[in-house]
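K.L.:
Any chance you could fold what I've pasted below:
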Amino acid sequence: MNPQITTIQFDASTFSADDTLVKLLHASSHDKLLHQSTFTNTVFHTSLSHNFGDSSGKPMHQESTLTKRLLQLFAQTQNNLLPVAFVCTVEHHALQLPFNYNDDFPLHPFIVTLGMQFERWRTTLTTLSDSYCAHIIGMWILHRCTQNIAAKLDLGDSYQAIYPGCQLLPISYNNLIYSLFESKLQNYEITMNEYMFTPLHTVAGFLLPHSKANACADCSMTHCEFRNILTE
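P.N.:
Got it, this is the predicted structure:
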């Protein structure tokens with residue numbers, strides 16, 4: 001299978017922070033998902049209490065301080081982003097996905113990444129709160145990029161983005177999507193280790209136009225840091 005691949009280079013400066021970014025920062029379910037694979041709950045919240053607490057060590061205005069730091073870090077994050085996406089179109093019967101949807105429509109596999117420059121910069125941040133805020137911003141921008149891909153494909157507002165790792169689609173499908181774009185990805189330092197991508201802020205999925213499928217709503221998977229965030 002050699003589908004025609006469209007490459008989309010995004011201008012990170014066009015993304016403007018809004019209330020959905022702040023909402024994502026303070027969503028407790030996302031909080032657990034986002035830092036679960038990088039920090040333990042104890043280390044993360046102890047760090048926040050130390051950084052934002054009063055002289056007694058008790059947290060003080062933790063939420064507003066995080067919000068302020070998030071917005072302060074936003075422009076700096078934008079300067080270290082090189083978002084790029086790859087998308088193609090295939091017929092539904094070519095991939096045999098393990099869930100039901102309207103077979104009259106084609107599938108649009110895609111991969112979007114923030115690039116290695118972002119990962120290198122993120123690892124230089126010295127506090128857990130800064131790293132957490134950068135991670136939130138990165139995931140939010142990946143979501144915005146996915147929305148832009150759907151818009152460029154003219155899928156309308158009823159499209160569904162489905163990501164490997166949800167209940168309806170095994171995470172092994174990351175490998176299938178990667179294989180579709182492998183020739184392009186080599187030029188962008190995007191690699192795979194079993195089922196996960198490097199750089200970390202890289203996601204793969206399928207865009208389904210006018211689909212009624214809801215792959216993430218009832219998923220019980222607890223180690224998918226991208227689910228829910230990208231499907232809010």
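
K.L.:
just for the protein, where's the confidence low?
P.N.:
Applying pLDDT under 70 to the chain picks out residues 1, 28-63, 93, 99-104, 210-232.

K.L.:
Please report the distance of Ile8 from Ala85.
P.N.:
Distance, Ile8 to Ala85, using CB to CB, to the nearest Å: 4 Å. For every residue, glycine as well, the C-beta is placed using N, CA and C.

K.L.:
Neighbour count for those two, which is higher?
P.N.:
Neighbour totals were compared for Ile8 and Ala85, and Ala85 leads with 21 against 15 (other CB atoms under 10 Å).

K.L.:
show me where this protein has helices.
P.N.:
19-26, 28-36, 41-52, 62-78, 116-122, 128-152, 173-185 (DSSP state H).

K.L.:
among the ones you listed, which is nearest Gln167?
P.N.:
helix 173-185 (12.6 Å; CB to CB).

K.L.:
outside of the closest one, which residues touch it?
P.N.:
For helix 173-185, the external contacting residues (CB atoms under 8 Å, 6 or more residues apart in numbering) are 1, 3, 5, 7, 86, 88, 90, 95, 97, 109-111, 164-165, 191-192, 195-197, 204-206.

K.L.:
Report the backbone C-alpha coordinates of that helix in PDB.
P.N.:
What follows is helix 173-185 as a C-alpha-only set of coordinates in PDB (Å, rounded to 0.1, in the frame of the first residue of the first chain):
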ATOM      1  CA  TYR A 173      -2.100   0.000  15.500                       C
ATOM      2  CA  ASN A 174       0.500   2.700  16.100                       C
ATOM      3  CA  ASN A 175       2.900   0.400  14.100                       C
ATOM      4  CA  LEU A 176       0.500   0.100  11.200                       C
ATOM      5  CA  ILE A 177       0.100   3.900  11.000                       C
ATOM      6  CA  TYR A 178       3.800   4.400  11.300                       C
ATOM      7  CA  SER A 179       4.400   2.000   8.400                       C
ATOM      8  CA  LEU A 180       2.200   4.100   6.200                       C
ATOM      9  CA  PHE A 181       4.400   7.200   6.700                       C
ATOM     10  CA  GLU A 182       7.800   5.700   7.500                       C
ATOM     11  CA  SER A 183       9.500   7.100   4.400                       C
ATOM     12  CA  LYS A 184       8.500  10.600   5.400                       C
ATOM     13  CA  LEU A 185       9.100  10.200   9.200                       C
END
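
K.L.:
got the buried residues for it?
P.N.:
Neighbour-count burial for helix 173-185, counted by 16 or more other CB atoms under 10 Å, picks out Tyr173, Asn174, Leu176, Ile177, Tyr178, Leu180, Phe181, Lys184, Leu185.

K.L.:
out of the residues you listed, who's nearest Val22?
P.N.:
Nearest to Val22, judged by CB to CB, of the buried residues of helix 173-185 is Asn174 at 29.9 Å.

K.L.:
Could you check how far the spatially most central residue of the chain is from Ala27?
P.N.:
The centre of the chain sits closest to Met139, judged by CA atoms, centre = their mean, with a distance of 4.1 Å. To Ala27, Met139 is 11 Å away according to CB to CB.

K.L.:
Against Arg144, how distant is the residue lying closest to Trp140 once chain neighbours are set aside?
P.N.:
Ranked by CB to CB, 6 or more residues apart in numbering and with sequence neighbours excluded, the top spatial neighbour of Trp140 is Leu21, at 5.0 Å. Distance, Leu21 to Arg144, by CB to CB: 10 Å.

K.L.:
got it, and Val203?
P.N.:
From Val203 across to Arg144, the span is 12 Å (CB to CB).

K.L.:
Over to Asn174?
P.N.:
21 Å.
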